[in-house]
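Colleague: sequence plus the predicted model coming up.
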Amino acid sequence: MASPFPPLDPARADEDKGPSVVSTITVVVAISTIVAAARLYVRGWITRKFQFDDYLILASVILSWMSVGFTTAAVNSGSGQHIQTLHPDQLSGAIKNTLIGFVPGILSYLVPKFAVAYLLSRLLNPSRLHITIIWAMCIFCFFTMMASCGIAFSQCLPTRSQWDFSIKSDSCYSKWITVRYSQAASAFSAFLDFYLAVYPAVVLYSLQLPTKKKIALSGALGIGSIATLVAIYKITVLPSLAAVDFTYDSCDLSIWTIVEGSVIIIAACIPLLQPLVERFRIQSWTAWSSKDSPGSAYLTPSAGSRRQGYTDIEMSHERSRVNKIRRKFDMESALDNDDGLVKPSESSHDRIPEEDESNFMAAATGNAQSGNTFPPGPHQGITRTKEVSVHYEKDGARVQGPRAGW
């Protein structure tokens, strides 16, 4: 890049991609950060099951912001402008920060692949051989992509000669070696994203689940397929590494590297956000019920039977409401079950958080779990039970037995 550059058309001298680069990567990483924060909130405060993959997501977010920082520094030095318009000091800073920024940028989409692999290994209960294959592919992808960074930095020796023009390089090899290798490594990375997205759908298809639930789970676990498309497109912009106008042409590569990492982070977080969504749904339903009618949180007494307290229609309606909420939490149970999705070991009755925030939910679930008759009594959902012992003589023998009553 220290070689003389071809002349630039004066009409293009004022072109600058820098502001759009900074705004794009900042917005994208901010979105992925919000989604990751929601996941960490769910895992740390709602389900209280903060695990290894959550730390990986946190590390990925930090790496994304590091990449944003280096890319912003490169833009401040002149990245985004044509190389012919930059002073040597600007050019040095732009090249140095761009190359360094690629390292955390690449790591930002490699690390969450391990988080996805960890999640799928817990949920889908693959065989030991299959787990080994998944992790082997992730490790292979990690080292092949990091090798592309090594090749880029060793393109000229000493490495510093690539941006410090006062240092004469001893040897340099063709930039296209870096490009071709990076394209091959990125192709495998795209394949791995596709595999991790399709694998859950294949497993779920064979399970005895309702079609809607299969589609919902497959969609939540298969969002990573979007990262495949991003990775494929990024392959087409990798030749900018060998471009003469490096500071201008490499901006797209910087953007798509960070976008790929953010997409994978979001894809790894969305499947675990259901408890947060359900919390808002239940709280909204409770607030709406209370606003609609002060007593709507309880079942209303039947006008025809004060002793019984409720009509069959009301019983059926409210029971179906509870069952509907429980069914919605089945997905959360599957996504957050240590025993996996294929062999669930706990019932949905034990996986209904936040229902006690509603008086109706507290009464309904409390009676269901204790074995009492559903629904609760008419007096604010509290049922009083008496146990009466009856003693009588039959053929000279004394018989005793409990009788339960309201």
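Modeller: Yep, it's here. Residues are numbered from 1 along each chain as shown.

Colleague: from here on, just use CA atoms for contacts and neighbour counts.
Modeller: Fine.

Colleague: where do the domain boundaries of the chain fall?
Modeller: Domain assignment of the chain by automatic domain parsing yields the ranges 16-272, 304-389.

Colleague: what's the closest non-adjacent residue to Val259?
Modeller: Computed as CA to CA, 6 or more residues apart in numbering, the closest residue to Val259 that is not its neighbour in sequence is Val28, at 6.5 Å.

Colleague: and that neighbour, backbone torsions?
Modeller: phi -60, psi -50 (degrees, to the nearest 10).

Colleague: need the contact list for Leu86.
Modeller: Taking CA atoms under 8 Å, 6 or more residues apart in numbering, we find Leu86 in contact with Gly78.

Colleague: do you know how far Tyr195 is from Arg128?
Modeller: 17 Å (CA to CA, to the nearest Å).

Colleague: burial of the residue nearest to Val259, as a residue count?
Modeller: Residues lying near Val28 (other CA atoms under 10 Å) number 18.

Colleague: do Phe5 as well
Modeller: Neighbour count of Phe5, defined by other CA under 10 Å: 11.

Colleague: quick check: which element contains it?
Modeller: Assigning secondary structure by DSSP states H and E places Phe5 outside every helix and strand.

Colleague: using the three-state scheme, assign the nearest residue to it once chain neighbours are set aside.
Modeller: Closest residue in space to Phe5, ignoring its immediate chain neighbours: Gln84 at 6.6 Å, by CA to CA, 6+ apart. Under DSSP: H, G, I helix; E, B strand; the rest coil, the three-state class of Gln84 is helix.

Colleague: pLDDT of stretch 32-44, averaged?
Modeller: Mean pLDDT, computed over stretch 32-44, is 96.

Colleague: alpha carbons of that stretch, as CSV, please.
Modeller: This file holds the C-alpha atoms of stretch 32-44, laid out as CSV (Å, rounded to 0.1, in the frame of the first residue of the first chain):
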residue,chain,number,x,y,z
SER,A,32,-27.7,-7.0,19.6
THR,A,33,-26.6,-5.6,22.9
ILE,A,34,-30.3,-5.0,23.9
VAL,A,35,-31.3,-8.5,22.9
ALA,A,36,-28.3,-10.0,24.7
ALA,A,37,-29.1,-7.9,27.8
ALA,A,38,-32.7,-9.3,27.7
ARG,A,39,-31.3,-12.9,27.6
LEU,A,40,-28.9,-12.3,30.5
TYR,A,41,-31.8,-10.8,32.5
VAL,A,42,-33.9,-13.9,31.8
ARG,A,43,-31.1,-16.3,32.7
GLY,A,44,-29.9,-14.4,35.7
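
Colleague: report the buried residues of it.
Modeller: Buried residues in stretch 32-44, defined by neighbour count with 16 or more other CA atoms under 10 Å: 32-33, 35-43.

Colleague: what about those residues, which are in helices?
Modeller: 32-33, 35-41 (DSSP state H).

Colleague: biggest separation within those residues, which pair?
Modeller: Pairwise distances across these (CA to CA) peak at 14.1 Å, for the pair Ser32 and Tyr41.

Colleague: hmm, back to that, ok, the residue nearest to Val259 touching Ser262?
Modeller: Yes - applying CA atoms under 8 Å, one finds Val28 in contact with Ser262, separated by 6.7 Å.

Colleague: find the nearest non-adjacent residue to Ile100, please.
Modeller: The shortest distance from Ile100 to any non-neighbouring residue, by CA to CA, 6+ apart, is to Phe70 (7.0 Å).
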